[in-house]
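Undergrad: With the input below, show me the fold.
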Amino acid sequence: MELVEDVYEIRSVVDDVKLIIDNRIGSKPVHLISEIDNNVPHLLIGDGLRIRQILINLMNNAVKFTEEGFIQLTIRCIEEDEGKMLIRFEVKDSGQGIKAEDLDKLGQAFTQVDTRRNHGKEGTGLGLSISRDFISMMGGQLEVTSEYGRGSEFYFSIWQGTAEEDGSSEGEIHNDAAFTAPEAKALIVDDTEINLMITEELLASLKISADTAVSGEKAVDIKRLKQLLLKWLPPDHIRS
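TA: Here you go, the predicted model:
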């Protein structure tokens, strides 16, 4: 795993995360809240893609264990030093919480705490494990406080560079909305229909055509079919 630092728009990252998490919440009576303090600049320098992945993992975990109430993302600057800011990210929920004896197990891949109560909830612990590793690579530490039956809060702080609003400082702003790849093709495999829909929509905004499959078996069938068609038809006769 590598980090690629560049200029990114923190509010655009949050908007993307909210879109995905709001769809994950679905019909649950859960209110999604996001707050970015005014002292956090619009443009930061860091690995915006990895930060987005971390926030999605943390908030997706909150969705799984929150049946009602709220999930809140808060981003604020807690320290400044020579063109850099220590940014604190907090994900708080009103979910079922975590027992004190289970806190040390968090972030271990393929481990789910409170097995009896969480029976039937999907999850392998990989999301938290990957997030913890990325945060560590960025010089931070994933921490959690929780009260069983009352909710949990996951948080971390990392140093990020700051950029001028014109994107001229230490890098160039890369606007995801301006990027397109009309020649690219993708295969999305996921057993959750809402995940397929969201990913397909995100790729469509980049003009990337995609096939979807609900299982590995279906994905292999799609690949085999295309291989057979390529033997008999020119590529421009095959729909992506």
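Undergrad: Low-confidence stretches in this protein?
TA: Within the chain, the set of residues satisfying pLDDT under 70 comprises 105-125, 165-179, 194, 228-229, 231-240.
Undergrad: Spatially central, which residue of it would that be?
TA: The geometric centre of the chain, computed from its C-alpha atoms, lies nearest to residue 56 (C-alpha atoms, centre = their mean), at 2.6 Å.
Undergrad: and that one, that's in a helix?
TA: Yes. Under DSSP: H, G, I helix; E, B strand; the rest coil, residue 56 sits within a helix.
Undergrad: Can you spell out which helices and strands pack onto the one helix or strand residue 52 maps to?
TA: Remark: residue 52 resides in helix 48-64, with elements defined by DSSP states H and E. Applying 3 or more C-beta pairs under 8 Å, 6 or more residues apart in numbering; DSSP states H and E, one finds that helix 48-64 contacts strand 6-9, helix 10-25, strand 69-81, strand 84-93, helix 126-137, strand 151-162. Where C-beta positions appear, they are placed from N, C-alpha and C, glycine not excepted.
Undergrad: Against which helices or strands is the last one packed?
TA: The elements that strand 151-162 packs onto, with contact taken as 3+ C-beta pairs under 8 Å, 6+ apart, are strand 43-46, helix 48-64, strand 84-93, strand 143-147.
Undergrad: With distance to residue 207 added, can I get the ones you listed in JSON lines?
TA: Putting the helices and strands packed on strand 151-162 into JSON lines (distance: least, C-beta to C-beta, whole Å) gives the following:
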{"stretch": "strand 43-46", "distance to residue 207": "25"}
{"stretch": "helix 48-64", "distance to residue 207": "19"}
{"stretch": "strand 84-93", "distance to residue 207": "31"}
{"stretch": "strand 143-147", "distance to residue 207": "40"}
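Undergrad: So for residue 189, which of the ones you listed sits nearest?
TA: Closest of these to residue 189 is helix 48-64, at 17.7 Å (criterion: C-beta to C-beta).
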